[in-house]
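>>> let me see the structure of the following:
(chains A and B)
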Amino acid sequence: MKRVSELHVYNTLTKSKEKFEPLREGQVRMYVCGPTTYNYIHLGNARPIVVFDTVRRYLQYLGYQVTYVQNFTDVDDKIINKAQEEKSEPLALAAKYIDEYFKDADKLNVKRADVHPKVSEHINEIINFVKKLIEKGKAYEIDGDVYFSVRKFDDYGKLSGRSVDDLLAGARIEVDARKKDPLDFALWKKAKDGELSWSSPWGQGRPGWHIECSAMSCKYLGDEFDIHGGGSDLIFPHHENEIAQTESLGEKPMAKYWLHNGFITVNQEKMSKSLGNFFLLRDILAKFDPMVVRFFLLSTHYRSPIDFDDERLQVAQRGLERLRNAYAQLEYGLKNAGSSENGAKLIAATKNAQEQFVQAMNDDFNTALAIAALFDLARDINTYSSEKELDKDALAGAKKVFEDLMGVIGINLAVEQGEKGQILEGLMELIIEIRQTARKNKDFTTADLIRDKLKELGVILEDAPQGTKWKINS
RNA sequence: GGCGACAUAGCCAAGUGGUAAGGCAGAGGCCUGCAAAGCCUUUAUUCCCCGGUUCAAAUCCGGGUGUCGCCUCCA
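Okay, the predicted model is just below:
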């Protein structure tokens, strides 16, 4: 395998992998487009959340200080429409789904961003941004609406690889008669009567979609930052428009690296709200361990599509189970380990796995390959565990690395144990001891009964040469 | 119509010039009272097709076929 000793990332802007060098030494500023909160998130929404959380974790693993901003679009046509249907307040509706978003994201072990800005709390920043664009002659007002003049921004199309002429040629855009040019897009929308709105120099209204990300990323990260992420469907027009807005004012590249994840598909077709083929994350989490879902999402490179169905989740579940078994093997081994020369074997295997993992992640966050390194480590752990003598330091070292690397991909191995957990631990030791006595007496009927009944309760017993292990069936 | 991506074993999936990772499923063996877990062996002479470049191509170039995406809200 190619050695990748430094992080390289694929930049949509240049359509190539580039060496990652942050603008400020040791610091990374990143902005990721978050959801429009008018519903529970679906699996397709979960992918960028998990992917960029993993990017962030890896950057931190490398020692960077990361500032991570993810917005919520809580002012939007879809929210307003849904609130009207439900006869509720748009902002209250959006707030509810923001709460629900966090419940889902927490389950997936997604770390909170440093800032989660909302449109509704940045209206002033947005208005000021629009004002400046008008002052610079990049935008114009017509009857309470404000539009951005696309042709006033020479680089328009540089991210999505289209020319202004291409866009016109393919125009499926319904031309708004009031716009000076069909390509122009709204920065500020005039409110209809009684609709959610704020006062502005152009009358009552609300922000267009794209302006929020320019205004909020500028506020928290400046007009020039390191990474901007999101789904591929945001490349055009959303990110293209963000660039036009921000760079019209700042005249510096808005973000150095533009990262975009591929889609989740169902029967090879994009999972999307408009196609109606989406699966809510919480419905999936009702059937599968959240860590399995996360593992599934990371088992393919982030830029490739992933086809979703239950069977594939089950495959991910078995794979993760394999890693968990190896980890349990380490914990179990540590209980009886002493000191042994043979530890060198495991130490070498651990070091190797860590290097493979880092090299994989350095190559544009190749989590699929990084996970392969974890499987290799799992096999080495399992093999080592069958040795007659085990070295405590080697096991502890492997455990630490295993936990750290799983932590980079955001999968928790260590089980949090509360008071009940300790009682459970004690109970299981007791039951296993009783069963062990039965087995010594060749009373296999009793031994099997205990094992079968426990299995019905969701507890799996495994008789290994070193003793009996137990785990809760996930 | 314009722009772009992808096509690797039964399934999933890495690999962008040096002779096909890994996982799941399957087969055989070891271990075990049995089971589970685990370990070992095994499963693509070949990477959609046809040309070309090269000592060397899954990897680069040209053409073709197929699938998908963006161009409209979308992660």
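>>> taking the centroid of chain A, which residue is nearest it?
The C-alpha lying nearest the average C-alpha coordinate of chain A belongs to residue A:50 (C-alpha atoms, centre = their mean; 1.4 Å).
>>> my guess is it meets residue A:410, correct?
Yes: the pair residue A:50 / residue A:410 is scored as a contact, 7.1 Å apart, by C-beta atoms under 8 Å. From N, CA and C alone the C-beta is placed, and that goes for glycine too.
>>> quickly list what's touching both of the two.
Both residue A:50 and residue A:410 are contacted by A:108, A:110, A:294, A:298, under the criterion C-beta atoms under 8 Å, 6 or more residues apart in numbering.
>>> possible to save those residues as a markdown table with distance to residue A:20?
Listed next are these as a markdown table, based on distance: C-beta to C-beta, whole Å:
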| residue | distance to residue A:20 |
| --- | --- |
| A:108 | 25 |
| A:110 | 22 |
| A:294 | 24 |
| A:298 | 19 |
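>>> out of those residues, which sit inside helices?
The helices, defined by DSSP state H, take in A:294, A:298 from the shared contacts of residue A:50 and residue A:410.
>>> what's the most distant pair in the shared contacts of residue A:50 and residue A:410?
Spatially, the most separated pair among the shared contacts of residue A:50 and residue A:410 is A:110 and A:298, at 12.2 Å (C-beta to C-beta).
>>> can you report how many residues lie near the spatially closest residue to residue A:207 that is not a sequence neighbour?
Leaving aside its chain neighbours, residue A:207 sits nearest to residue A:126 (4.7 Å; criterion: C-beta to C-beta, 6 or more residues apart in numbering). Neighbourhood size, residue A:126 [other C-beta atoms under 10 Å]: 24.
>>> quick check: pLDDT value at residue A:126.
With respect to pLDDT, residue A:126 has a value of 98.
>>> just confirm it is within a helix.
Yes: assessed with DSSP: H, G, I helix; E, B strand; the rest coil, residue A:126 lies in a helix.
>>> is it true that residue A:259 touches residue A:10?
Yes: using C-beta under 8 Å, residue A:259 makes contact with residue A:10 at a distance of 7.1 Å.
>>> what residues are up against residue A:114?
Here residue A:114 is in contact with A:67, A:68, A:69 (C-beta under 8 Å, 6+ apart).
>>> against RNA strand B, how distant is it?
19 Å (C-beta to the nearest atom of the strand, to the nearest Å).
>>> cool, residue A:449 as well?
Distance from residue A:449 to RNA strand B, by C-beta to the nearest atom of the strand: 10 Å.
>>> now that residue: which helix or strand?
helix A:444-456 (DSSP states H and E).
>>> what helices or strands is that helix leaning on?
helix A:419-440, strand A:459-464 (3 or more C-beta pairs under 8 Å, 6 or more residues apart in numbering; DSSP states H and E).
>>> residues contacting the single nearest residue of chain A relative to RNA strand B?
Residue of chain A nearest RNA strand B, by C-beta to the nearest atom of the strand: residue A:231 (1.4 Å). When contacts are counted by C-beta under 8 Å, 6+ apart, residue A:231 touches A:33, A:44, A:47, A:48, A:260, A:261, A:263.
>>> chain neighbours aside, what residue packs nearest to the fifth one?
For residue A:260, ignoring the flanking residues on the chain, the nearest one in space by C-beta to C-beta, 6+ apart is residue A:232 at 4.5 Å.
>>> next, count neighbours for that neighbour.
Neighbours of residue A:232 using other C-beta under 10 Å come to 16.
>>> please apply the same query to residue A:427.
Residue A:427: 10 neighbours (other C-beta under 10 Å).
>>> okay, it: pLDDT?
89.
>>> then the one 3 residues further on?
Residue A:430 is assigned 89 on the pLDDT scale.
>>> that one: neighbour count?
10.
>>> dump the residue contacts of residue A:94.
Contacts for residue A:94 (C-beta under 8 Å, 6+ apart) come out as A:37, A:38, A:72, A:74, A:75, A:79, A:118, A:120.
>>> contacts only, for residue A:141.
A:134, A:147, A:188, A:202 are the contacts of residue A:141 under C-beta under 8 Å, 6+ apart.
>>> distance of residue A:323 relative to residue A:426?
Separation of residue A:323 from residue A:426 (C-beta to C-beta, to the nearest Å): 27 Å.
>>> who's more crowded, the two?
Neighbours were counted for residue A:323 and for residue A:426 using other C-beta under 10 Å; residue A:323 has more, 20 against 10.
>>> mind listing what the nearest residue to that one once chain neighbours are set aside touches?
Counting by C-beta to C-beta, 6+ apart, residue A:323 lies nearest to residue A:378, which is 5.4 Å off, once chain neighbours are set aside. Residue A:378 makes contact with A:322, A:323, A:325, A:326, according to C-beta under 8 Å, 6+ apart.
>>> and residue A:378, what's its pLDDT?
97.
>>> where's it, which helix or strand?
With DSSP H and E as criterion, residue A:378 is part of helix A:367-385.
>>> alpha carbons of that helix, as CSV, please.
Backbone C-alpha positions of helix A:367-385 (Å, rounded to 0.1, in the frame of the first residue of the first chain) are rendered in CSV as follows:
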residue,chain,number,x,y,z
THR,A,367,-12.4,4.8,6.8
ALA,A,368,-13.1,1.5,4.9
LEU,A,369,-9.4,0.8,4.8
ALA,A,370,-8.9,2.0,8.4
ILE,A,371,-11.5,-0.4,9.5
ALA,A,372,-9.7,-3.2,7.7
ALA,A,373,-6.7,-2.3,9.9
LEU,A,374,-8.9,-2.8,12.9
PHE,A,375,-10.0,-6.2,11.7
ASP,A,376,-6.3,-7.2,11.3
LEU,A,377,-5.7,-6.0,14.9
ALA,A,378,-8.7,-8.0,16.0
ARG,A,379,-7.3,-11.2,14.5
ASP,A,380,-3.9,-10.6,16.1
ILE,A,381,-5.6,-10.1,19.4
ASN,A,382,-7.6,-13.2,19.1
THR,A,383,-4.6,-15.2,18.1
TYR,A,384,-2.5,-13.9,20.9
SER,A,385,-5.2,-14.5,23.4
